[in-house]
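Q: The sequence and its predicted three-dimensional model are supplied below.
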Amino acid sequence: MNKEGLKEKINWYRHLFTFFSAVNFASAGWFVANYGKSAMGFLSINILLLIFSLAGMLFLGFKITKHIKKLGED
């Protein structure tokens, strides 16, 4: 893949990473604010959202790092 294609992929992954981090921070804040007064179902869904958004952030972080290393090799 050429350098411009790799830069474009990194840019898209960066935007997705920003989205996942915003979701993660917002749901963590909601969890802390509503821990004592919310139903257990909502808290469980929020915990799952936290786990999936963190997994997405980790996955995209690895993908971005891989593409940056490829970009440096060329």
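A: Here it is on my side, so go on.

Q: Tell me the buried residues in the longest helix along the chain?
A: Ranked by number of residues, the top helix in the chain under DSSP state H is helix 40-73. Along helix 40-73, these residues count as buried under the neighbour rule (16 or more other C-beta atoms under 10 Å): 46, 49-50, 53-54, 56-57, 60, 63-64, 67. Where you see a C-beta, it was placed from the backbone N, CA and C, and this is true even at glycine.

Q: Give me the average confidence score over it.
A: Averaged across helix 40-73, the pLDDT comes to 94.

Q: so what does it touch, helix or strand wise?
A: Counting contacts by 3 or more C-beta pairs under 8 Å, 6 or more residues apart in numbering; DSSP states H and E, helix 40-73 is packed against helix 3-34.

Q: Just the buried positions in the helix it packs on, please.
A: Quick answer for helix 3-34 (16+ other C-beta under 10 Å): 9-10, 13, 16-17, 20, 23-24, 27, 30-31.

Q: JSON lines for those, including pLDDT and distance to residue 38?
A: As requested, those are exported to JSON lines (pLDDT from 0 to 100; distance: C-beta to C-beta, whole Å):
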{"residue": "9", "pLDDT": "94", "distance to residue 38": "39"}
{"residue": "10", "pLDDT": "93", "distance to residue 38": "38"}
{"residue": "13", "pLDDT": "95", "distance to residue 38": "33"}
{"residue": "16", "pLDDT": "96", "distance to residue 38": "28"}
{"residue": "17", "pLDDT": "96", "distance to residue 38": "28"}
{"residue": "20", "pLDDT": "96", "distance to residue 38": "23"}
{"residue": "23", "pLDDT": "95", "distance to residue 38": "18"}
{"residue": "24", "pLDDT": "96", "distance to residue 38": "18"}
{"residue": "27", "pLDDT": "95", "distance to residue 38": "12"}
{"residue": "30", "pLDDT": "95", "distance to residue 38": "9"}
{"residue": "31", "pLDDT": "94", "distance to residue 38": "9"}
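
Q: returning to what we had before: between all of the buried residues of helix 40-73, which two are separated the most?
A: Maximum pairwise distance among the buried residues of helix 40-73 (C-beta to C-beta): 31.5 Å, between 46 and 67.

Q: any chance of the buried residues of helix 40-73 in TSV, plus distance to residue 4?
A: Output for the buried residues of helix 40-73, formatted as TSV (distance: C-beta to C-beta, whole Å):
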residue	distance to residue 4
46	40
49	35
50	36
53	30
54	31
56	25
57	26
60	20
63	18
64	16
67	12
